[in-house]
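**Q** no sequence for this one, just the structure:
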Ligand code: NOJ
């Protein structure tokens with residue numbers, strides 16, 4: 001089987017992780033510009049001041065993407081580049097920059113797939129309560145409208161938010177992302193609701209503009225599985241999926257929150273502040289999603305937790321996804337299993353979990369259109385005789401693309417696959433050590449770009465539409 005002609009083979013990036021130019025051409029300061037400079041927050045104090053300098057080298061980068069045969073480039077817009085203080089004056093230079101990126105993509109026939117929010121919030125808004133403040137909701141909707149009006153004639157694929165669970169839970173529970181707050185479930189749930197509301201209102205506005213593009217949201221897709229058949233562990237996995245999956249997917253796709261979670265957060269006093277009108281907006285917007293974007297890296301293996309909650313590890317490794325600590329509410333723990341394979345950063349490699357998860361998703365939400373908006377392997381790539389031999393990455397993507405193929409054969413409606421990432425970039429907390437790209441960036445030699453083995457491999461896959469997989 002070949003992937004159909006309208007299936008998009010792509011790769012992704014995010015503004016903060018690639019652009020650099022953090023204070024150039026009128027860009028405002030983002031929460032990450034500030035947070036990454038607090039001592040101890042990131043690996044060796046790395047930050048996005050320069051990142052991989054995509055801001056100045058985008059032409060070269062997009063040319064390489066075209067050479068690879070990439071059909072679509074998923075990138076994000078930096079909100080503070082467009083509206084430096086979050087809610088005030090629009091920065092023309094920011095608009096100009098993304099116009100150039102979009103036009104450069106279109107020059108080569110590469111479809112721009114744009115994320116409006118990939119975590120870099122204008123610092124002014126962060127200081128005013130960030131996503132816990134409804135003002136951020138209004139400011140986001142305005143920012144989104146500015147983008148639709150500026151770019152919507154050429155951009156026909158929009159993602160509102162990237163991985164709400166990550167920036168909200170690491171921001172308000174683990175304290176590993178801005179604003180760095182530890183263990184505040186009340187704020188955590190409030191922030192998630194405010195994001196869903198911003199998403200809903202943005203969708204309503206977008207449809208009114210009649211630009212006839214597609215719009216959706218990208219969620220983490222990390223289905224939880226019990227480690228065995230024991231009832232207590234099966235319940236732990238159920239609970240993990242209700243809090244980690246249903247809480248995020250239900251309001252978007254069904255227009256309501258899951259009863260199971262609502263009941264528990266009510267008892268604990270964590271229910272967000274919301275109005276009937278907000279709940280109504282979320283309900284109405286459910287039918288306006290054109291697709292759901294899934295970022296899949298690994299499943300979760302879950303057991304009933306027996307440790308004290310204080311052990312909910314908040315160190316960098318576990319907060320970026322490695323298994324081995326109790327959930328914030330102490331109900332379950334994620335664990336590493338003897339018979340599974342893991343990356344150097346302790347992430348399980350499981351194309352089977354991917355496929356199984358997709359089946360579960362279809363059962364719950366029906367035949368919604370899906371884009372795999374991220375999937376890839378974080379590794380330290382071996383360099384042999386000057387060549388970047390990222391064989392494990394090829395293997396990883398190959399296995400996951402095979403899972404996508406099987407899913408499509410089963411009738412699951414997947415319309416595109418975006419490898420993370422198109423180019424080696426800054427990992428939020430892990431610096432430049434953790435590589436994901438098809439294109440290598442030499443930090444010892446002027447950030448020069450070099451094609452990896454996977455570059456040629458992906459080019460072949462795209463050219464042959466995955467026939468050999
Ligand atoms: C998901 C995030 O969207 C992306 O920014 C990050 O770098 C990758 N996961 C890898 O951790």
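**A** Everything's here; your move. Bear in mind the structure is a predicted one, so any value in this text is a computation, not a measurement.
**Q** could you list every residue that touches the residue in the stretch 1-150 of the chain positioned nearest to the ligand?
**A** Among the residues of the stretch 1-150 of the chain, residue 14 lies closest to the ligand, at 4.9 Å counting by CB to the nearest ligand atom. For every residue, glycine as well, the C-beta is placed using N, CA and C. Each residue near residue 14 by CB atoms under 8 Å, 6 or more residues apart in numbering is listed here: 75-76, 115, 118-119, 162, 425.
**Q** same thing but 7 Å
**A** 76, 115, 118 (CB atoms under 7 Å, 6 or more residues apart in numbering).
**Q** Mind checking which of these are in strands?
**A** Secondary structure from DSSP state E places 76, 115 of the contacts of residue 14 in strands.
**Q** buried set for the host helix or strand of residue 239?
**A** Using DSSP states H and E, residue 239 sits in helix 231-241. Buried residues in helix 231-241, counted by 16 or more other CB atoms under 10 Å: 233-234, 236-241.
**Q** Need those in TSV (columns: pLDDT and distance to the ligand).
**A** Putting the buried residues of helix 231-241 into TSV (pLDDT from 0 to 100; distance: CB to the nearest ligand atom, whole Å) gives the following:
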residue	pLDDT	distance to the ligand
233	98	27
234	98	28
236	98	24
237	98	22
238	98	25
239	98	24
240	97	19
241	98	19
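**Q** quick one: which of these is nearest to residue 105?
**A** Lowest distance from residue 105 to the buried residues of helix 231-241 (CB to CB) belongs to residue 241, with 36.7 Å.
**Q** isn't that closest one right up against residue 226?
**A** No - in this structure, residue 241 is not within contact of residue 226 by CB atoms under 7 Å, at 10.2 Å.
**Q** Up against the ligand, what does the stretch 101-250 of the chain have?
**A** Within the stretch 101-250 of the chain, the positions lying close to the ligand (CB under 6 Å from any ligand atom) are 162-163.
**Q** how about the strands of the stretch 101-250 of the chain, start to end?
**A** Applying DSSP state E, counting those that start in this stretch to the stretch 101-250 of the chain gives strands spanning 111-117, 157-162, 214-220, 224-226.
**Q** The second one versus strand 214-220: what angle between them?
**A** The directions of strand 157-162 and strand 214-220 differ by 30 degrees, with axes from the mean of the first three to the mean of the last three CA atoms, to 10 degrees as the criterion.
**Q** chain center to strand 157-162: distance?
**A** On the basis of CA atoms, centre = their mean, to the nearest Å, strand 157-162 sits 9 Å off its chain's mean C-alpha point.
**Q** Equivalent analysis for the shortest one, please.
**A** The offset between the C-alpha centroid of strand 224-226 and the centroid of the whole chain comes to 21 Å, using CA atoms, centre = their mean.
**Q** Then stretch 34-44?
**A** The answer for stretch 34-44 is 21 Å, by CA atoms, centre = their mean.
**Q** could you give the mean pLDDT of that stretch?
**A** Averaged across stretch 34-44, the pLDDT comes to 94.
**Q** Return the helix or strand in the protein with minimum mean pLDDT.
**A** Here the helix or strand of the chain ranked lowest by mean pLDDT, DSSP states H and E is helix 316-319, holding a mean of 67.
**Q** just checking, what packs against the first helix or strand past it going along the chain?
**A** As assigned by DSSP H and E, the chain's next helix or strand after helix 316-319 is strand 332-334. With contacts defined as 3 or more CB pairs under 7 Å, 6 or more residues apart in numbering; DSSP states H and E, strand 332-334 has these neighbours: helix 231-241, strand 300-304.
**Q** ok, the buried residues of helix 231-241 vs residue 156, which is closest?
**A** When the buried residues of helix 231-241 are ranked by distance to residue 156 (CB to CB), residue 241 comes first, at 32.8 Å.
**Q** The closest one: what's its closest spatial neighbour, skipping adjacent residues?
**A** residue 224 (5.0 Å; CB to CB, 6 or more residues apart in numbering).
**Q** Residue numbers of the stretch 351-469 of the chain in contact with the ligand?
**A** Proximity of the stretch 351-469 of the chain to the ligand (CB under 6 Å from any ligand atom) is limited to residues 374, 420, 427.
**Q** Okay, buried residues for stretch 274-289 please.
**A** In stretch 274-289, counting by 16+ other CB under 10 Å, buried: 274, 278-279, 281-282, 285-286, 288-289.
**Q** One more: stretch 331-343?
**A** For stretch 331-343, the neighbour count (16+ other CB under 10 Å) marks 331-335, 340, 343 as buried.
**Q** Ok, stretch 215-230 next?
**A** Neighbour count says stretch 215-230 has 215-227 buried, by 16+ other CB under 10 Å.
**Q** and what of stretch 34-48?
**A** By 16+ other CB under 10 Å, the buried positions in stretch 34-48 come out as 34-36, 41-43, 46-48.
**Q** For stretch 409-417, which outside residues touch it?
**A** Against stretch 409-417 from outside (CB under 7 Å, 6+ apart): 1, 6-10, 72, 358, 362, 367-372, 375, 401, 404, 407-408.
**Q** Now intersect the residues you listed with the helices, please.
**A** If you go by DSSP state H, the contacts of stretch 409-417 have 358, 362, 401, 404, 407-408 in helices.
**Q** In CSV: the residues you listed, plus neighbour count and pLDDT.
**A** As requested, these are exported to CSV (neighbours: other CB atoms under 10 Å; pLDDT from 0 to 100):
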residue, neighbour count, pLDDT
358, 24, 98
362, 17, 97
401, 21, 98
404, 25, 98
407, 21, 98
408, 18, 98
